[in-house]
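S.K.: Next one to model:
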Amino acid sequence: MQVEEGAVRPVLNRLRRAQGQLTAVIAMIEAGRDCKDVVTQLAAVSRALDRAGFKIVASGMRQCLAESDTDAPPMSEEELEKLFLALA
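M.R.: You can find the predicted model right below:
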């Protein structure tokens, strides 16, 4: 499964945002910042990663439905369910 072209840029943007937020979390911990602030920032990282993952899965599902005539076998319902549950 590949991410469709239209989804690549938003996914990369979300992952870069998460990367920056994670860098900020590390710096906050190293600086001894308040636990509440660290956890809030860490939750933002988690949401950014989740959104990127959901976008990738949604893009993959769209491709699986649209490209049913390719040589690759379509993803089974079980495989799609596993992808979603991996993000849950």
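S.K.: Helix, strand, or coil at the residue of the chain positioned farthest from its centre?
M.R.: Computed with C-alpha atoms, centre = their mean, the residue of the chain farthest from its C-alpha average is residue 32, at 28.6 Å. Here residue 32 is recorded as coil under DSSP: H, G, I helix; E, B strand; the rest coil.
S.K.: Next, the buried residues of the longest helix along the chain.
M.R.: If you go by DSSP state H, the chain has its longest helix at helix 35-66. Using 16 or more other C-beta atoms under 10 Å as the test for burial, helix 35-66 gives 38, 41-42, 44-45, 48-49, 51-53, 55-57, 59-60, 63-64. Where you see a C-beta, it was placed from the backbone N, CA and C, and this is true even at glycine.
S.K.: what angle do the following helix or strand past it and helix 35-66 make?
M.R.: The element immediately downstream of helix 35-66 (helix or strand, assigned by DSSP states H and E) is helix 77-87. On the basis of axes from the mean of the first three to the mean of the last three C-alpha atoms, to 10 degrees, helix 77-87 is oriented at 160 degrees to helix 35-66.
S.K.: quick one: low-confidence parts of this structure?
M.R.: Regions of the chain meeting the criterion pLDDT under 70 cover residues 1-4, 61-70, 72, 74-75, 87-88.
S.K.: let's go with 50 and repeat that
M.R.: In the prediction, the chain carries no residues with pLDDT under 50.
S.K.: The helix or strand residue 13 falls within vs helix 35-66, what angle?
M.R.: Taking DSSP H and E as the definition, residue 13 sits inside helix 5-30. Put simply, helix 5-30 runs at 160 degrees to helix 35-66, going by the same axes, to 10 degrees.
S.K.: Report all helices and strands that helix 5-30 contacts.
M.R.: helix 35-66 (3 or more C-beta pairs under 8 Å, 6 or more residues apart in numbering; DSSP states H and E).
S.K.: Cool, thanks, signing off.
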